[in-house]
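*Asks:* Can you look at this prediction? I've put the sequence above it.
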Amino acid sequence: MTRSDRCAELIAKIEARTARIAVIGLGYVGLPLALTFAKKGFSVLGFDTDQEKCDHIANGRTYIRHIPLEPVKDLIGNKSFEATSDFSRLAEADCILICVPTPLTDKRVPDLSALVNTAQTIARFLRKGQLVVLESTTYPETTEEELLFRFASNTMKPGIDFFLAFSPEREDPGNKGFSVTNIPKIVGGITPACLEAADTLYSTITRTVPVSSARVAEFAKILENTFRSVNIALVNELKILAHRMNIDIFEVIEAAATKPFGFMPFYPGPGLGGHCIPIDPFYLTWKAKEYGFATKFIELAGEINTLMPDYVVTKTADALNRMGRCVRNSTILVLGVAYKKDVDDDRESPAYPIMKKLTDQGAAVSYNDPWIPRLRPTRKYDFTMASVPLAPETLAAADAVLILANHSDYDMQFIIRHARLVIDTRNATAGMKSDTCTIVPA
């Protein structure tokens, strides 16, 4: 076989569905991706360092609530999907997709340790003819700076012996309208052959958007999330002003959204959460410093969004004061620890700093979240709580009920019927009135 034949052979295997796909990292991004390729007729190997996840999959169980259980059972049953923590089996794969976490340190420096460890592992088992695609969100040039040099050698040339690309994940957990199969996939390769191989792979599951380089693909993903971060910061800031002016910011947004061009609605909340929007823009901020450039919009948006939990705590304290109470020794029930509606994902959730600040001020804080029955330790917080029942007596006993996630499970009429004071950060009680419950927007 000549070197130029390797790309053609890989493409032929992908088109025939005989290529074996490896997905590294079986979390909110990797698991749906692996299941999608398996459902499209590929043999898929899922890799994770967490053996418990692999055991769940082996037993046909899903550990992410918004991902249905039955597809997992069916795919395990017909042997099209298997999970393992044995990374030596990477040699069995034709295409390797990397979906590992890329968080920030406490000093807002990119933490690429999981990615670097993964790249080093792949390098040990990389063979000729394989395609490696990075999906984890990161700053432009990461694919070249952290992966390429680890894979390339005198006997392993990119675009000839192996193929390397970047294709950012665009997962929106809990959104039933969009999935891997109907979200267009940006693809950028290190070489034209790398792009062709990666584009062929992703074209089997969705519409692709080929771009000129991996750098462009990396930058596009950062732009998407920075756009959201900046606009959410804008409406969060305007929410504070609107409250002072006794204007309903949600009514303002809905009115503005009737304009059929030039406006896109974004909605305020208690702060940013999830693994993407609070983190990804600062990857670009960090990288920009290497080029002597200050990303002022990103920094300002981050400052505003980071301060929103403080604003919620202040609004809660003010509301309690008007009820003749102070935060100290008050009983506060938090509704929703997940960072967004109808998911079991609490990564970077604003609920944690809010609960910590209230606890530090002497409040007795409990929570209810039907999606998160028990709090897990995070990098910054270590709450050891279980979700309390959302019963009439629980609501009545609370000095304040704080709505942080507007889960579909919540019956807001039931909540305001039994609570005395509700602090609503999500506009969940819009239009509702009560003679016995004070409702405060925050």
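*Replies:* All right, it came through fine. Numbers count the residues shown, from 1 in each chain.

*Asks:* Could you give me the buried positions within stretch 375-387?
*Replies:* Buried positions in stretch 375-387, judged by neighbour count with 16 or more other CB atoms under 10 Å: 375, 383, 387. (C-beta placed from N, C-alpha, C; glycine too.)

*Asks:* And stretch 328-338, by the same measure?
*Replies:* For stretch 328-338, by 16+ other CB under 10 Å, it's 330, 332-338.

*Asks:* Name the nearest of these relative to Ile122.
*Replies:* Nearest to Ile122, judged by CB to CB, of those is Ala338 at 32.6 Å.

*Asks:* Tell me how this protein divides into domains.
*Replies:* 5-212, 307-441 (automatic domain parsing).

*Asks:* What distance do you get for Asp435 to Leu320?
*Replies:* According to CB to CB, to the nearest Å, Asp435 and Leu320 sit 20 Å apart.

*Asks:* Show me which of the two is the more surrounded one.
*Replies:* Using other CB atoms under 10 Å as the criterion, Asp435 and Leu320 rank with Leu320 on top: 21 against 4.

*Asks:* element containing the residue most central in space within the chain?
*Replies:* Nearest to the geometric centre of the chain sits His275, at 4.0 Å (CA atoms, centre = their mean). Under DSSP states H and E, no helix or strand contains His275.

*Asks:* which secondary structure element contains the closest residue to it other than its chain neighbours?
*Replies:* Spatial nearest neighbour of His275, excluding adjacent residues (CB to CB, 6 or more residues apart in numbering): Arg347 at 4.8 Å. Here Arg347, judged by DSSP H and E, is contained in no helix and no strand.

*Asks:* Arg347: how many residues sit nearby?
*Replies:* Neighbours around Arg347, by other CB under 10 Å: 21.

*Asks:* Could you measure from it over to Lys340?
*Replies:* 10 Å.

*Asks:* before we move on, what about Ser80?
*Replies:* Separation of Ser80 from Lys340 (CB to CB) stands at 31 Å.

*Asks:* Those two: which has the busier surroundings?
*Replies:* Between Ser80 and Lys340, Lys340 has the larger neighbour count (other CB under 10 Å), namely 20 against 17.

*Asks:* How about the secondary structure of the more buried one?
*Replies:* What DSSP: H, G, I helix; E, B strand; the rest coil gives for Lys340 is coil.

*Asks:* swap in Asp409?
*Replies:* With three-state DSSP as the criterion, Asp409 reads coil.

*Asks:* Count the neighbours of the closest residue to it other than its chain neighbours for me.
*Replies:* Spatial nearest neighbour of Asp409, excluding adjacent residues (CB to CB, 6+ apart): Pro370 at 4.5 Å. Burial of Pro370 is recorded as 18 neighbouring residues (other CB under 10 Å).

*Asks:* wait, doesn't Pro370 sit right on Ala405?
*Replies:* No - Pro370 lies out of contact with Ala405 (CB atoms under 8 Å); the separation is 9.9 Å.

*Asks:* Pro309 sits in which helix or strand?
*Replies:* helix 296-322.

*Asks:* List the contacts of Val230.
*Replies:* 281, 297-298, 301 (CB atoms under 8 Å, 6 or more residues apart in numbering).

*Asks:* ends of stretch 414-432, how far apart?
*Replies:* The first and final residues of stretch 414-432 sit 11 Å from each other (CA to CA, to the nearest Å).

*Asks:* Could you do stretch 49-62 as well?
*Replies:* Start-to-end, stretch 49-62 (CA to CA) is 16 Å.

*Asks:* next one: stretch 17-31
*Replies:* 19 Å.

*Asks:* So for that stretch, mean pLDDT?
*Replies:* For stretch 17-31, mean pLDDT rounds to 95.

*Asks:* Which positions within that stretch qualify as buried?
*Replies:* 19-31.

*Asks:* Quick check: longest helix in this structure by residues?
*Replies:* helix 214-244 (DSSP state H).

*Asks:* C-terminal to that helix, what's the next element?
*Replies:* helix 249-256.
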